[in-house]
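Engineer: here are the coordinates; sequence isn't available:
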């Protein structure tokens, strides 16, 4: 059975209100936030534990946006004050997949990693990608192994090949990483 392509992609998360005039702090979850967090763009809110936008929540149109540290301060249309902004706290922001710019050579969406086989450069099977965690300074992939879950840095020094067509990742882990008790 093939992997189901999502119709919407998550592009950010609303962390909290900022100030009293309805601005919210948004952490981008995309490598190309400039075209997403711009005046006029419509984003679709959804719950953290959901599989996409919440059809019962109205779309959010970006009115104003400004850089703030590694995030953005965003004012959405219809969000008048801090109370309105607080209702949005913790929501994911989605866009229609068809509205996202095509990937460049060598880029991959995180959802495409899910279910990929993981093997070492020597060809030893490690397990299957279960989740991708976006962290700083490097994302982590959760790999289900016969012993349980294992977290592997999703970094070019460790993940040396991504074969999207073949559904596999090749890792060159530092000594001892795969020997840890899961």
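Structural biologist: Done, it's in. A quick note: this is a predicted structure, and the numbers were derived from the prediction, not measured. Residues are numbered from 1 along each chain as shown.

Engineer: Against residue 113, how distant is residue 147?
Structural biologist: Look at residue 147 and residue 113: by C-beta to C-beta, to the nearest Å, they are 21 Å apart. All C-beta atoms are positioned from the backbone trio N, CA, C, and that covers glycine.

Engineer: Compare those two (neighbour count), which wins?
Structural biologist: residue 113 (21 against 11; other C-beta atoms under 10 Å).

Engineer: for the more buried one, phi and psi?
Structural biologist: Residue 113 adopts backbone torsions of phi -80, psi -30, taken as degrees, to the nearest 10.

Engineer: same question, the one 4 residues further on
Structural biologist: The main-chain torsion angles of residue 117 are listed as degrees, to the nearest 10 and equal phi -70, psi 140.

Engineer: Could I get the contacting residues of it?
Structural biologist: Residues near residue 117 by C-beta atoms under 8 Å, 6 or more residues apart in numbering: 125, 127, 128, 167, 168, 169.

Engineer: Buried members of those into ChimeraX, please.
Structural biologist: With 16 or more other C-beta atoms under 10 Å as the criterion, this ChimeraX line picks the buried residues out of the contacts of residue 117:
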select :127,128,168,169
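
Engineer: least confident pick among the contacts of residue 117?
Structural biologist: Taken together, these show their lowest pLDDT at residue 167, with 90.

Engineer: Verify the stated contact: that one with residue 115.
Structural biologist: Yes. Counting by C-beta atoms under 8 Å, residue 167 does reach residue 115; the two are 7.0 Å apart.

Engineer: Need the contact partners of the worst-scoring helix or strand of the chain on mean pLDDT.
Structural biologist: Within the chain, no helix or strand scores below helix 110-113, which has a mean of 80 by mean pLDDT, DSSP states H and E. Outside of helix 110-113, the residues within contact range by C-beta under 8 Å, 6+ apart are 3, 6, 9, 129, 132, 134, 139, 141, 154, 162, 164, 169.

Engineer: hey, what's the last one bridged with?
Structural biologist: To tie it back to what came earlier, the one meant is residue 169. Under DSSP bridges, the beta-bridge partners of residue 169 are residue 118, residue 162.
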